[in-house]
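**Q** take a look and give me a structure for this.
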Amino acid sequence: MGKLFGTDGVRGVANKDLTPELAYRLGRAGAYVLALNKAHKPTILVGMDTRLSGPMLENAMIAGICSTGATAVKVGVIPTPAIAYLTRKYEADAGVMISASHNSFEFNGIKFFSDQGYKLLDETEELIEKLVTGDDSDIPYPVGEALGRVEVCETAADDYLEYLLAGVDCIFAGKKIVLDCANGASFAIAPRLFTMLGASVIVIGNEPDGVNINKKCGSTHLEGLAEKVVEVGADIGFAFDGDADRLLAIDEKGNVVDGDAIMSILAIQLKKQGLLLQDTLVVTIMSNMGVDIMAEKQGIKLAKTKVGDRYVLEEMIKSGYVLGGEQSGHVICLQDNTTGDGMLTAVKIAAAVCKEGKTLSELASVFKALPQVLVNAKVRNELKYTYMDDPDIKGMCEALEQEFNGKGRVVIRPSGTEPLVRVMIEGEDKDYIRSKAEVLAALIESRLGV
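**A** I've put the predicted structure just below:
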């Protein structure tokens, strides 16, 4: 068995890579590790998105949790950020989300949250993984009345909705907003939220059937949302991913407002209010160089991390920053929640439009993206971290960087969840950088592919 935990939990094809047996073992090991040194009977929340495999993995996970003597609390279909928030609100010992985020329905995943609502540290994941893949004799098998129980929380969605509403200091009356819920975890909550805030709401991607999550909809497929926004004359379109921890937007003209633009808008808003601590925004190395240009103009400092919201969060906690995220729309507002929260981000963007009296396109104009091309190279999973060991790959990267001379860049990174190496090239001429990205990706595939 290879390394279980990627950049966002354990993920794979359900019933093939992520089997009920593995979910059971993860439930046992996770419950044991996350409840260590607790004097009381541990309680662990379990939520999921709308995938067909969700209930299968949920039942296996809960069986593992209960086999250690812990109580498993089912909160049903709910966004990932709700698990992070509710784990804190209910004073649970841990939270578990069963979701593969933006991936297609045949994939699923398991991610843990600590009692403080944070994704786990690397060393905690390593301890869980060691127990799952090796000797787990330290984990008890209680019997009799010491067995764990299963409880159902009927108020979880309402409690999360109440939290989102409490952070809004304006109403959206007169605004027409289109929501694309990706046939995922936000399909019921998001329309309620924006309707309660006074907006006129049109919803697409809100008829989950177990297999249509993220299928030609949501934050990975924005065409339908853009078309609908223009068709109905909406002010804003919001697209969530399958577990609603990401958000991308569409302006009133049908243009995409990506995570870099969203973070730029929010950073400027917070700076105006004196709430952008240390005047710093945290981004990853994959953020467009247009963010650097925006930040320089606005007097905002940037802190840059490796790709992955966990690394953004680590930097925010370590250095006391309050806003950070990724180009993909994973935005962390640390004063509000401990992980990316698509609905929270959407509310803040809508509030900025209302308060500033400007259109979303006007607000987003503070950010101008340089052309950027991303090409995936399919590789053997066990080789995806070795790309810079190849002298030809390394040589081509260095040659391109020298050629760009500060007016472009090359970023290569392995996917945390799939057998892919992502090649991103940024520069002034899109056709040229695309051709170079395709050549570099082909070279990587020839060296590290199947």
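**Q** just the helices from the stretch 251-400 of the chain, written as ranges.
**A** Counting by DSSP state H, counting those that start in this stretch, the stretch 251-400 of the chain forms helices over residues 259-272, 289-298, 309-319, 342-356, 360-364, 391-404, given from the N-terminal end onward.
**Q** which SSE is immediately downstream of the helix or strand containing V73?
**A** The secondary structure element spanning V73 is strand 71-77 (assigned by DSSP states H and E). Using DSSP H and E, the next helix or strand after strand 71-77 towards the C-terminus is helix 80-89.
**Q** which ones are touching E126?
**A** By CB atoms under 8 Å, 6 or more residues apart in numbering, the contact list for E126 reads F5. Where you see a C-beta, it was placed from the backbone N, CA and C, and this is true even at glycine.
**Q** about what we covered before: just the angle for the strand holding V73 relative to helix 80-89, thanks.
**A** Going by axes from the mean of the first three to the mean of the last three CA atoms, to 10 degrees, strand 71-77 is angled at 140 degrees with respect to helix 80-89.
**Q** avg pLDDT for strand 71-77?
**A** Strand 71-77 carries an average pLDDT of 98.
**Q** ok so, going back, will you turn the helices of the stretch 251-400 of the chain into TSV that also has distance to G449?
**A** Shown next, in TSV, are those (distance: least, CB to CB, whole Å):
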stretch	distance to G449
helix 259-272	30
helix 289-298	30
helix 309-319	27
helix 342-356	34
helix 360-364	38
helix 391-404	12
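**Q** for the lengthiest helix in the chain, which positions count as buried?
**A** Looking across the chain with DSSP state H, the single longest helix is helix 430-448. Of the residues in helix 430-448, those buried by neighbour count under the rule 16 or more other CB atoms under 10 Å are I433, R434, K436, A437, L440, A441, L443, I444, E445, R447, L448.
**Q** wait, isn't the last one in contact with D392?
**A** Just to be clear, that refers to L448. No. Counting by CB atoms under 8 Å, L448 stays clear of D392, with 11.3 Å between them.
**Q** pull out the buried positions in the helix or strand containing G27.
**A** Remark: G27 resides in helix 20-34, with elements defined by DSSP H and E. By neighbour count on 16+ other CB under 10 Å, the buried set for helix 20-34 is 20, 22-34.
**Q** and stretch 402-419, by the same measure?
**A** Within stretch 402-419, the residues scored as buried using 16+ other CB under 10 Å are 404, 408-419.
**Q** and which of those residues is nearest K253?
**A** The shortest distance between K253 and any of these, using CB to CB, involves G408 and amounts to 27.6 Å.
**Q** show the model's pLDDT score for T359.
**A** 98.
**Q** neighbours around it, how many?
**A** Residues near T359, counting by other CB atoms under 10 Å, number 15.
**Q** and it, what does it touch?
**A** Contacts of T359 were listed using CB under 8 Å, 6+ apart, and they are D235, D251, E252, V353.
**Q** ok, the closest residue to the last one other than its chain neighbours to F238 distance?
**A** Read it as V353. For V353, ignoring the flanking residues on the chain, the nearest one in space by CB to CB, 6 or more residues apart in numbering is L360 at 5.6 Å. If you measure L360 against F238 using CB to CB, to the nearest Å, the figure is 10 Å.
**Q** between those two, which contacts overlap?
**A** With CB under 8 Å, 6+ apart applied, the overlap between the contact sets of L360 and F238 consists of A249, I349.
**Q** one step back: could you export the buried residues of stretch 402-419 as JSON lines, including pLDDT and distance to L52?
**A** Output for the buried residues of stretch 402-419, formatted as JSON lines (pLDDT from 0 to 100; distance: CB to CB, whole Å):
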{"residue": "F404", "pLDDT": "88", "distance to L52": "45"}
{"residue": "G408", "pLDDT": "85", "distance to L52": "43"}
{"residue": "R409", "pLDDT": "88", "distance to L52": "40"}
{"residue": "V410", "pLDDT": "92", "distance to L52": "39"}
{"residue": "V411", "pLDDT": "88", "distance to L52": "35"}
{"residue": "I412", "pLDDT": "90", "distance to L52": "34"}
{"residue": "R413", "pLDDT": "87", "distance to L52": "30"}
{"residue": "P414", "pLDDT": "89", "distance to L52": "28"}
{"residue": "S415", "pLDDT": "86", "distance to L52": "23"}
{"residue": "G416", "pLDDT": "76", "distance to L52": "23"}
{"residue": "T417", "pLDDT": "75", "distance to L52": "19"}
{"residue": "E418", "pLDDT": "85", "distance to L52": "20"}
{"residue": "P419", "pLDDT": "89", "distance to L52": "23"}
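**Q** so which of the residues you listed belong to strands?
**A** Helix and strand membership here follows DSSP state E; of the buried residues of stretch 402-419, those in strands are R409, V410, V411, I412, R413, P414.
**Q** rebuild these as a markdown table, extending it with distance to F172.
**A** Shown next, in a markdown table, are these (distance: CB to CB, whole Å):
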| residue | distance to F172 |
| --- | --- |
| R409 | 39 |
| V410 | 42 |
| V411 | 37 |
| I412 | 42 |
| R413 | 37 |
| P414 | 41 |
